[in-house]
Structure formats: structure tokens, C-alpha cells
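K.L.:
Build the 3D model from these lines:
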Amino acid sequence: MADFVAILDFGSQYTQLIARRVREQKVYCEILSHDTSAEHLKELAPRGIILSGGPAGVYEEEAPPRIMAPSLPPLDSLEPQELYSMWCFVKLMDVAVAAGLQLEEENMTSAGENEVLVRFKEGSEMTFSTKGVTVRMFKGKTYGREPPFGSYTTPKKASLAIEVIREEETPRVIILEPRYDEDYTREMLEAGDLDKLQVLRDSIVDLRSETLKRLVSSCLVVHPTVTEPVVYDGLGSMTFRPGGPIDQIVELLEGLSR
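P.N.:
Presented below is the predicted three-dimensional model:
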């Protein structure tokens, strides 16, 4: 068979969309069932495999078994930190759905006024609009010194930024800083990350206001370690991992969207 990409469908609502996006890049792809055996995959010899996940967690008892295909290294061009940051950005779509935002992929349907733009690269942005609230999610957002909103000192870069804007209101911002460390601890947060989060939070303001009104309500390190969340005045850390709960981030988004 000619070179192609295999998409394993685990029940995701985005499987057809993913296939369309792959084909738009002039790459042939096929959608296969999630129970396709590793032996059959090796016979097909795809150049790459995309796992299109469903709503269930991979750690649940009824989750599909792991597929072993050692001849197909997963995203070997990405460092673990970069891959984890990308996963966090994509997972924010689930956070948006759980927070009650109805998502419509650009050009996928003309129903309603909701819109989602997805580009998997630095500077990516996803935009959602519903009930008078606009939510923008950024991967690699730099806040410069140009009005109306930005840093009042040197430019500051947020790994992941969520901006919630109501009609005629300034944005409220949630910043997430992914750390791929399976042994992340409270001591690591307090030893250095907490000070960095505080600088990031306090620097991003409404540059039009005389008081330089602060825009960031929460600034958090997210990591895959299973620990209790630690939050001091909107600064802290929490678990964000495949198969894990997203309730805490959903609550933060809902609190700004109401």
C-alpha cells in the first residue's frame, strides 16, 4: 500500500474532522477501528498513527487495551515537555465543553454563531462564543507593552492562556504553565515556580487604566503528578493528565464565564 496515515477511532466526535484535516494536507489516510490489531497495523505499515480518543479515560477498567507497535515511534520529533504542552492545549476543548460552551469547528457547520479555530503550532488560538461570552484559548501567548491589554514591564509569555470576555468588558485571564514532571511536588512549586507565577500574574494588566488593573485571576502550574491542588491567592499547581479529572479547571472557567 502507498504511504498513508492510519486513524484509530476510539469514539471521538472529531474523527471525521481529523481525517479531513489530514487529507487537506495532501496526505492519504484511513479510519480504522480502535480494536485493529498491532499485527494488522504492521502489515499495513502506515507512516504514522493518530489515536482519536473517546470521552472515557484511558485508565478506566473498560478502556481498550494498549496497542503495541514498536516499529512506529510516537511523535519522536517532540520532546516530552512539548508533547505534554500540546496535549494540555488540545484538552482545553474538553474543558470548554464541560463548562457549557457549544463548539462548532470552522466551516464544519453553519449552525449558530459558535466557532473554533484549531492550529497545532506555537501561537495557536481556539475561539468559542456563546451567550454573550467569548472565550479565547492560546498556546504561546505573548503579552507585550502595547495597549489595550498587556504587560506593564517587559513582554511576558504565557504557555497557555484562557481569556474570557463579556460584552464591553475587559478580559479575565487564566494562565496555565505545563510542567512535564511525574514527580512534581509542593516543594518544587514553592522553591521557584510560585515566584515566577506571581510575576506573570501581576504584570498582565489593562494598560488603559490609571491603576493598571490586573487581568489574571488564576496562574497555575499544571502537571501529570497525582497530588492535591495547591493554590495561594490564585497562584499554585494542580494535576492535569490523560484520564484524570478536569473539574478544577472547568470550575475556574465557569466562574469567569457566568
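
K.L.:
Please count neighbours and contacts with C-alpha atoms only from this point.
P.N.:
Will do.

K.L.:
got the contact list for the longest helix seen in the chain?
P.N.:
Secondary structure assigned by DSSP state H gives helix 80-98 as the longest helix of the chain. Under the criterion C-alpha atoms under 8 Å, 6 or more residues apart in numbering, residues 102-103, 120, 137-139, 159-160, 178-180, 240, 246, 249-250, 253 lie in contact with helix 80-98.

K.L.:
so which of the residues you listed is the most crowded?
P.N.:
Highest neighbour count within the contacts of helix 80-98, by other C-alpha atoms under 10 Å: residue 137, with 27 neighbours.

K.L.:
is it true that that residue lies in a strand?
P.N.:
Yes: secondary structure of residue 137 (DSSP: H, G, I helix; E, B strand; the rest coil): part of a strand.

K.L.:
What sits closest to it if chain neighbours are left out?
P.N.:
Among residues not flanking residue 137 along the chain, residue 162 sits closest, at 4.5 Å (C-alpha to C-alpha, 6 or more residues apart in numbering).

K.L.:
And the next helix or strand past the helix or strand hosting that neighbour?
P.N.:
Assigned by DSSP states H and E, residue 162 belongs to strand 156-166. Proceeding N to C from strand 156-166, the next assigned helix or strand is strand 172-178, under DSSP H and E.

K.L.:
residues contacting residue 189?
P.N.:
Neighbouring residues of residue 189 by C-alpha under 8 Å, 6+ apart: 236, 237.

K.L.:
ok so, going back, in the sheet, which strands lie alongside the strand holding residue 162, parallel or antiparallel?
P.N.:
Neighbouring strands of strand 156-166 in its sheet, by DSSP bridges, are strand 133-143 (antiparallel), strand 172-178 (antiparallel).

K.L.:
List the contacts of it.
P.N.:
By C-alpha under 8 Å, 6+ apart, strand 156-166 touches 85, 89, 132-144, 171-178, 200, 203-204, 253, 256-257.

K.L.:
so where is the stretch 51-200 of the chain shaky, pLDDT-wise?
P.N.:
54-78, 102-123 (pLDDT under 70).

K.L.:
Let me see the contact set for residue 208.
P.N.:
147, 148, 149.

K.L.:
follow-up on the earlier one: next, the buried residues of the longest helix of the chain.
P.N.:
By 16 or more other C-alpha atoms under 10 Å, the buried positions in helix 80-98 come out as 84, 85, 86, 88, 89, 90, 92, 93, 95, 96, 98.

K.L.:
These into a markdown table, with extra columns for distance to residue 154?
P.N.:
Shown next, in a markdown table, are the buried residues of helix 80-98 (distance: C-alpha to C-alpha, whole Å):
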| residue | distance to residue 154 |
| --- | --- |
| 84 | 27 |
| 85 | 24 |
| 86 | 26 |
| 88 | 26 |
| 89 | 25 |
| 90 | 29 |
| 92 | 28 |
| 93 | 30 |
| 95 | 31 |
| 96 | 31 |
| 98 | 35 |
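
K.L.:
Nearest to residue 28 among the contacts of helix 80-98?
P.N.:
residue 120 (19.2 Å; C-alpha to C-alpha).

K.L.:
I'd like the distance from the closest residue to residue 203 other than its chain neighbours to residue 51, if you could.
P.N.:
Distances taken as C-alpha to C-alpha, 6+ apart place residue 151 nearest to residue 203, at 5.0 Å, with adjacent residues excluded. From residue 151 across to residue 51, the span is 39 Å (C-alpha to C-alpha, to the nearest Å).

K.L.:
Who has more neighbours out of those two?
P.N.:
When residue 151 and residue 51 are compared for neighbours, residue 151 comes out ahead with 25 against 15, by other C-alpha under 10 Å.
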